[in-house]
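In: just coords:
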């Protein structure tokens, strides 16, 4: 009888421990951990405040060396307005702000992080635009966001989205 009770307890323990890890995996796969919150402003007037541009679940992968970011749905990302700024958040914490969504025909310079779409439709998180613009200020801005940037990279790494 004691042997049977021991086997039953062992079986229940294995079942409960396997359910817990499956639940955690399910939550990780279906619950966004990062949010790109889009804000478009014209002069002093804010339009489209707090619309979600993307989540980490929309990111197929990110390459930290080339800074290319591949989104699963190109059309969704393509719909982000030009010049829109994007706050990248985790829970209620803002990790960093993308100064603008831009493409090669943009005639403005940025010394801060931009979401750049090249002529082939590939997206990059570049530290500035054009890439020679105000390098000292660009480095200062990159240093300011380094803690949030590292959290962003670590979260994508944890999710297997680093290329």
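Out: Alright, I've got the coordinates. Treat the numbers as computed from the prediction; the structure is a model and nothing was measured.

In: what's the domain layout of this protein?
Out: Here the chain is described, according to automatic domain parsing, as comprising the domains 1-31, 33-158.

In: is it possible to export those domains to a markdown table including mean neighbour count?
Out: Glycine gets a C-beta too; all of them are placed from N, C-alpha and C. Supplementary listing: the domains of the chain in a markdown table, determined by neighbours: other Cβ atoms under 10 Å:
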| stretch | mean neighbour count |
| --- | --- |
| domain 1-31 | 9 |
| domain 33-158 | 15 |
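
In: For the most centrally placed residue in the chain, which non-adjacent residue is closest in space?
Out: In the chain, the centroid-proximal residue (Cα atoms, centre = their mean) is residue 56; its distance is 4.9 Å. In this structure, residue 56 finds its nearest non-sequential neighbour in residue 34, 3.8 Å apart by Cβ to Cβ, 6 or more residues apart in numbering.

In: Same list (the domains of the chain) but as CSV, adding mean pLDDT.
Out: Rendered in CSV, the data for those read as follows (pLDDT from 0 to 100):
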stretch, mean pLDDT
domain 1-31, 47
domain 33-158, 92
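
In: on that earlier part again, contact partners for the residue nearest to residue 56?
Out: 55-56, 59, 88-90, 95, 152, 155-156 (Cβ atoms under 8 Å, 6 or more residues apart in numbering).

In: Of the residues you listed, which belong to strands?
Out: 55, 59, 88-90, 95 (DSSP state E).

In: Closest one of those residues to residue 117?
Out: Proximity of the ones in strands among the contacts of residue 34 to residue 117, judged by Cβ to Cβ, is greatest for residue 59, which lies at 14.9 Å.

In: Against residue 112, how distant is the closest one?
Out: When distance is defined by Cβ to Cβ, to the nearest Å, residue 59 is 21 Å away from residue 112.

In: Chain neighbours aside, what residue packs nearest to residue 128?
Out: Residue nearest to residue 128 in three dimensions, not counting chain neighbours: residue 138, with 4.3 Å by Cβ to Cβ, 6+ apart.

In: I'd assumed residue 127 was in contact with the one you found.
Out: Yes - under the criterion of Cβ atoms under 8 Å, residue 138 lies in contact with residue 127, with a separation of 5.2 Å.

In: so what sits against both of those two?
Out: By the contact definition Cβ under 8 Å, 6+ apart, residue 138 and residue 127 are jointly contacted by residue 112.

In: Perfect, I'm done here.
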